[in-house]
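Trainee: got a structure for you, letters missing:
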């Protein structure tokens, strides 16, 4: 098929590249001229394992193109995907201004019957708003064209997005038109060679709701486990053992029950908040969803609080080595990352920070922590340890999993580790003479 993907952010670029990989002709559209020129050269604006090679391969094969010219490419496409950002508004609801602006542009330029797909994460009722915006522009042109708005939410994990798209555990298609549903089934059929059972069709509003509920459910598991971890500390239980005990229950499983410093990233924080706002807009108070967010907000400060409890409120003269900035490994994404809150809490009490992250340091320096003083960035995890009073682990990158603990003891002023991911063995480190602080264990 001939596809147009509007928006070259995380979702748009991954989706467009993967559709091209399956033999479709894809043009990714963006208003950012510099970004488009870089993409034509194979320069990727985000870090995602496997994406750069896939983009370069399909550009070379002429199945993947980049352009700022929406009008030209709408004329020859079968399906147009809207994949622009839906940032959180000031009140916590999803900001649809970019989605609706794209809808207006489609209405101004479409020349033939078209399927328009909401790929962005959008609240219930967005397809109706997109449809109305397109129809209004068609009427302004005094043109009558058939079009169908479909909801096709993404379920991509940052750090594993290519595999998620190429071998999806499910694809949700929300459509109120059978011909549009069949077109989408045909598009996705190559991704389900053995069985189409995992391609799920439903009405548009149910599909829009499915994305938010999926993220809210996963966020609930994380916040629930973090709350259990905090209770474990108070009663003298070990959350690491509790996790194993409950994860063995097939009804629960081990996914998303690792205690930590709270969830972050592009999806969970804003989607939980947006779902809460959707409930409020319809006269319902979502108490559990609100509690999930409240637990997570508090959890982001848990490691900083442990450091303060150990070293005192005044951290003047103290230096801490921080391993990890991204909200999770295999991404450079720092949106709502616990590292931001931990570093801000420590530096405002006078501490100096020495930090290393394999991919996210540019994001920190130029955006998320650009106004925070007393941070030094290093190109090696071990260099951060020199003259530091303790090491703080905040992202579970693979290269942090088996460090040389003897080297840590040599470089640190004191052998102290604060582990925001419960990554190491408590008994082993205690035997080696470390003060070792985890989440959910005294």
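Mentor: Structure received. Computed from a predicted structure; not experimentally measured.

Trainee: tell me the secondary structure for residue 76?
Mentor: coil (DSSP: H, G, I helix; E, B strand; the rest coil).

Trainee: Quick check: chain neighbours aside, which residue is closest to residue 252?
Mentor: Excluding the flanking residues, the one nearest residue 252 by CB to CB, 6 or more residues apart in numbering is residue 246, at 5.4 Å. (Glycine included, C-beta is placed from N, CA and C.)

Trainee: Verify the stated contact: the one you found with residue 253.
Mentor: No. With contact taken as CB atoms under 8 Å, residue 246 and residue 253 are classed as non-touching, separated by 9.3 Å.

Trainee: Can I take it that the residue nearest to residue 252 is in a helix?
Mentor: Yes. According to three-state DSSP, residue 246 belongs to a helix.

Trainee: Let me know the pLDDT of it.
Mentor: At residue 246, the model reports a pLDDT of 95.

Trainee: How many residues are close by residue 221?
Mentor: 17 (other CB atoms under 10 Å).

Trainee: now residue 57, nearest residue through space, not along the chain?
Mentor: residue 21 (7.7 Å).

Trainee: quick one: contacts for that neighbour?
Mentor: Remark: with contacts taken as CB atoms under 8 Å, 6 or more residues apart in numbering, residue 21 is in contact with 54, 57, 58, 63, 166.

Trainee: need the helices for the stretch 251-400 of the chain, in chain order.
Mentor: 268-281, 287-299, 302-311, 338-347, 361-363 (DSSP state H, counting those that start in this stretch).

Trainee: what's the most buried one of the ones you listed?
Mentor: Mean neighbour count (mean count of other CB atoms under 10 Å) peaks for helix 338-347 among the helices of the stretch 251-400 of the chain, with a mean of 23.

Trainee: Please enumerate residues in contact with that helix?
Mentor: For helix 338-347, contacts defined as CB under 8 Å, 6+ apart pick out 260-262, 264, 299-301, 303-305, 307-308, 315, 320, 322, 324-327, 334, 353, 355, 364, 368-369, 372-375, 392, 394-395, 420.

Trainee: now what about stretch 309-322, what contacts it?
Mentor: 307-308, 339, 342-343, 346, 349-356, 384-385, 387-392, 394, 412, 416, 418, 435, 437.

Trainee: make that stretch 238-250, sorry
Mentor: Under CB under 8 Å, 6+ apart, the answer for stretch 238-250 is 225, 228-229, 232-233, 252-254, 257-259, 422, 426, 438-441.

Trainee: just stretch 276-288 next, same as before
Mentor: Contacts for stretch 276-288 (CB under 8 Å, 6+ apart): 91, 92, 93, 94, 123, 124, 212, 220, 275, 289, 290, 293.

Trainee: Tabulate those residues (a markdown table), appending pLDDT and distance to residue 15.
Mentor: Supplementary listing: these in a markdown table, determined by pLDDT from 0 to 100; distance: CB to CB, whole Å:
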| residue | pLDDT | distance to residue 15 |
| --- | --- | --- |
| 91 | 78 | 29 |
| 92 | 77 | 26 |
| 93 | 81 | 24 |
| 94 | 83 | 19 |
| 123 | 89 | 20 |
| 124 | 92 | 22 |
| 212 | 91 | 19 |
| 220 | 96 | 27 |
| 275 | 92 | 23 |
| 289 | 94 | 28 |
| 290 | 95 | 32 |
| 293 | 94 | 28 |
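
Trainee: surely residue 392 meets residue 416?
Mentor: No. Look at residue 392 against residue 416 with CB under 8 Å: they stay out of range, at 9.4 Å.

Trainee: quick one: which of the two has more around it?
Mentor: residue 392 (28 against 20).

Trainee: what's the spacing between the more buried one and residue 31?
Mentor: As judged by CB to CB, to the nearest Å, residue 392 and residue 31 stand 40 Å apart.

Trainee: for residue 80, same thing?
Mentor: Going from residue 80 to residue 31 by CB to CB gives 15 Å.

Trainee: Name the nearest residue to residue 257, ignoring sequence neighbours.
Mentor: residue 225 (4.6 Å).

Trainee: The one you found: neighbour count?
Mentor: The number of residues packed near residue 225 is 24, by other CB under 10 Å.

Trainee: Now do the one helix or strand it maps to: which elements does it pack against?
Mentor: Element membership for residue 225, per DSSP states H and E: helix 204-235. Where contact means 3 or more CB pairs under 8 Å, 6 or more residues apart in numbering; DSSP states H and E, helix 204-235 is packed against helix 126-140, strand 147-151, strand 171-174, helix 239-247, helix 268-281, helix 287-299.

Trainee: Now the longest one: buried residues?
Mentor: Of the residues in helix 126-140, those buried under the neighbour-count criterion (16 or more other CB atoms under 10 Å) are 126, 127, 129, 130, 131, 133, 134, 137, 138.

Trainee: cool, the second one as well?
Mentor: Neighbour-count burial for strand 147-151 flags 147, 148, 149, 150, 151 (criterion: 16+ other CB under 10 Å).

Trainee: if we take these, which one ends up nearest to residue 180?
Mentor: When these are compared for distance to residue 180 (CB to CB), residue 148 wins out at 4.0 Å.

Trainee: And the closest one, how far from residue 7?
Mentor: Residue 148 is 20 Å from residue 7, where distance means CB to CB.

Trainee: ditto for residue 403
Mentor: Applying CB to CB to residue 403 and residue 7 gives a distance of 39 Å.

Trainee: Of those two, which one has the most company?
Mentor: Neighbour count, other CB under 10 Å: between residue 403 and residue 7, residue 7 has more, with 24 against 18.

Trainee: can you pull the contacts of residue 372?
Mentor: The neighbours of residue 372, taking CB under 8 Å, 6+ apart as the test, are 343, 344, 347.

Trainee: Let me have those in CSV, adding distance to residue 35 and pLDDT as columns.
Mentor: What follows is these, written out as CSV (distance: CB to CB, whole Å; pLDDT from 0 to 100):
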residue, distance to residue 35, pLDDT
343, 29, 98
344, 30, 97
347, 32, 98
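
Trainee: got any ranges where the stretch 1-150 of the chain has weak pLDDT?
Mentor: Within the stretch 1-150 of the chain, no stretch has pLDDT under 70.

Trainee: All set, thanks.
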